[in-house]
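Trainee: 3D model of this:
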Amino acid sequence: MAEKVNSCTHLTSLFQQFGYPFEISFHQFLYPSEEDLHKLVRFLVEKLSELSQARKTVKFADNMRSSNVDISRTCSETTAEAEPELKPLVYPNNQKLREELLDGRSETVAQGPLRNCAKVPLLKDNLVSEKLDLAAITGKVDKQETIACARDLIEKAAQVKETTVVSETCKPELDSMSCDMFSPELKRMVESRCGQDMVFPDKDTGKDLELHHLEEEHELLKEAMRMALDNEHSFSYYVEQLSGEIVSRSENLHELENQRDIDRKSLEEKKWNLLESLCESKPDCQLKLQKLKDIDSEIHTVLSEIRKREEECAKLTGEMKQKPKVASRRSYIERITEITKNSRKLDTDVDRILKETRELKLESNSIEERLHRTYAVVDETILREAKKDPVGRQAYKLLTNIHACFEKIREQILAANKAQREVAELEVKLTAIASRSLDRHKLQADLDAMRTENEHLEKTLMNH
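Mentor: Sure, this is the predicted structure:
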């Protein structure tokens with residue numbers, strides 16, 4: 001853990017030396033968040049673009065033979081011819097020649113002006129910048145990979161600074177060198193090697209096209225990232241801007257197509273005129289020329305028809321895409337099957353409810369009959385006692401009153417249930433009426449028309 005903290009602190013100090021514009025601490029490397037990683041990636045990508053020019057100075061060791069004209073007079077003309085064409089020269093045994101030159105120079109000029117030059121560190125492949133560009137474009141940032149890329153970038157930046165200092169110190173010394181400082185054997189070897197045939201690599205068109213497409217895609221992704229990170233303009237602004245560019249480019253394309261058709265027609269007319277002038281003295285050629293004209297006209301007619309059909313097809317395709325998608329037949333069948341299953345389930349539920357209702361009805365009737373029998377027995381018993389005792393007569397009156405009250409309560413309950421059912425039916429009707437689309441203005445207009453018609457009929461009847 002202590003090593004991690006020390007390395008994160010070291011990274012923090014290095015980023016501050018490079019001029020990181022935001023506040024930074026070792027916590028952002030030890031426990032990085034997505035926003036911090038995004039800022040670090042943007043800063044590193046900007047630094048890579050700034051250091052791209054300085055990175056080119058590292059290659060002065062490979063280009064030493066073209067810059068040092070005094071090494072050999074015989075190579076100067078060939079190098080001057082190759083530079084305007086911007087084609088790299090590939091010598092046989094190029095690496096071996098460079099090593100022999102450096103070895104011979106170290107032997108002959110051991111105490112020369114280059115003794116103070118430091119060893120130039122060569123940069124690694126451009127994998128770090130590619131990773132950072134890809135992370136900045138896609139927005140998919142790996143935390144550990146970003147920290148590793150940051151360390152590699154810092155090491156490369158230090159190497160570039162060291163290389164720049166060494167190249168600046170070595171350049172005047174290299175310019176002041178002459179062929180006299182080398183041995184005669186070394187000069188003869190250089191002349192013999194430079195006299196050999198130079199190999200110019202042919203351009204691989206497929207790789208060039210692929211590289212061109214990749215560069216275009218890279219530029220598009222950069223532009224998309226810039227649009228996504230732009231806080232001043234909204235996304236709709238860029239959509240309108242791109243739509244305007246598309247319209248303008250389509251108009252330009254249409255104009256170019258019209259110009260192409262006009263030029264083609266003029267060239268075809270010239271061609272036919274030349275053919276006619278050549279075939280004036282030959283009747284057979286004139287017949288063949290006439291047939292060729294007919295075939296050419298048919299070809300143009302067919303091509304124009306094909307173009308019209310393609311335009312109609314594109315138009316119909318666009319209209320079909322704009323239309324709402326209709327459900328497939330299978331979806332309708334599935335819906336019907338589901339509705340059938342639900343209806344069967346409802347039928348089962350209805351049958352179960354009806355069965356329970358019948359059972360409740362039978363139970364209610366049995367209870368009612370039991371109550372009637374009980375009441376009859378009690379009434380008969382109390383009535384028999386009431387004939388003998390006045391207390392019995394009073395109890396019989398109370399029983400009669402209780403029975404009458406319960407009968408009224410039963411009738412009121414039945415009436416309330418009936419009223420509730422009627423209310424529910426009325427509510428259903430009101431809901432159905434409210435769901436209808438009734439236009440008040442239309443009803444008023446119909447009513448006014450009916451009144452006008454009635455007045456007209458009344459006047460007609462009065463006249464008759």
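Trainee: tell me which helix or strand of the chain sits lowest on mean pLDDT?
Mentor: Using mean pLDDT, DSSP states H and E, the weakest-scoring helix or strand in the chain turns out to be helix 76-82, at a mean of 41.
Trainee: domains of this protein?
Mentor: Here the domain assignment for the chain is 32-200, 279-316, 352-452, based on automatic domain parsing.
Trainee: worst mean pLDDT among those?
Mentor: Sorting the domains of the chain by mean pLDDT places domain 32-200 lowest, at a mean of 50.
Trainee: ok, which stretches of the stretch 151-300 of the chain are helices?
Mentor: Remark: helices assigned in the stretch 151-300 of the chain by DSSP state H, counting those that start in this stretch are 184-194, 205-229, 235-278, 283-322.
Trainee: using CSV, list the CA coordinates for stretch 237-248.
Mentor: The C-alpha trace of stretch 237-248 is given here as CSV (Å, rounded to 0.1, in the frame of the first residue of the first chain):
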residue,chain,number,x,y,z
TYR,A,237,-27.8,22.6,-32.9
TYR,A,238,-25.3,20.0,-34.2
VAL,A,239,-28.2,18.0,-35.7
GLU,A,240,-29.4,21.1,-37.6
GLN,A,241,-25.9,21.9,-38.7
LEU,A,242,-25.2,18.4,-40.0
SER,A,243,-28.7,18.4,-41.7
GLY,A,244,-27.8,21.6,-43.5
GLU,A,245,-24.5,20.2,-44.7
ILE,A,246,-26.3,17.0,-45.9
VAL,A,247,-28.8,19.1,-47.9
SER,A,248,-26.1,21.3,-49.4
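Trainee: leaving out sequence neighbours, find the closest residue to Asp36.
Mentor: Take Asp36 and drop its neighbours on the chain: the residue closest to it by CB to CB, 6 or more residues apart in numbering is Gln28, 4.6 Å away. The way it works is simple: take the backbone N, C-alpha and C, and place the C-beta from them, glycine included.
Trainee: from the helices of the stretch 151-300 of the chain, which stretch is densest packed?
Mentor: Of all the helices of the stretch 151-300 of the chain, helix 184-194 has the most neighbours on average by mean count of other CB atoms under 10 Å, namely a mean of 15.
Trainee: dump the helices of the stretch 151-300 of the chain into a markdown table; add distance to Asp36 as well.
Mentor: Formatted as a markdown table, those follow (distance: least, CB to CB, whole Å):
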| stretch | distance to Asp36 |
| --- | --- |
| helix 184-194 | 54 |
| helix 205-229 | 15 |
| helix 235-278 | 25 |
| helix 283-322 | 43 |
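Trainee: closest one to Leu40 among those?
Mentor: For Leu40, the closest of those is helix 205-229, at 14.2 Å, according to CB to CB.
Trainee: what helices and strands are in contact with that closest one?
Mentor: Secondary-structure packing of helix 205-229 (3 or more CB pairs under 8 Å, 6 or more residues apart in numbering; DSSP states H and E): helix 127-138.
Trainee: just give the number of residues close to the residue nearest to Asp36.
Mentor: Neighbourhood size, Gln28 [other CB atoms under 10 Å]: 20.
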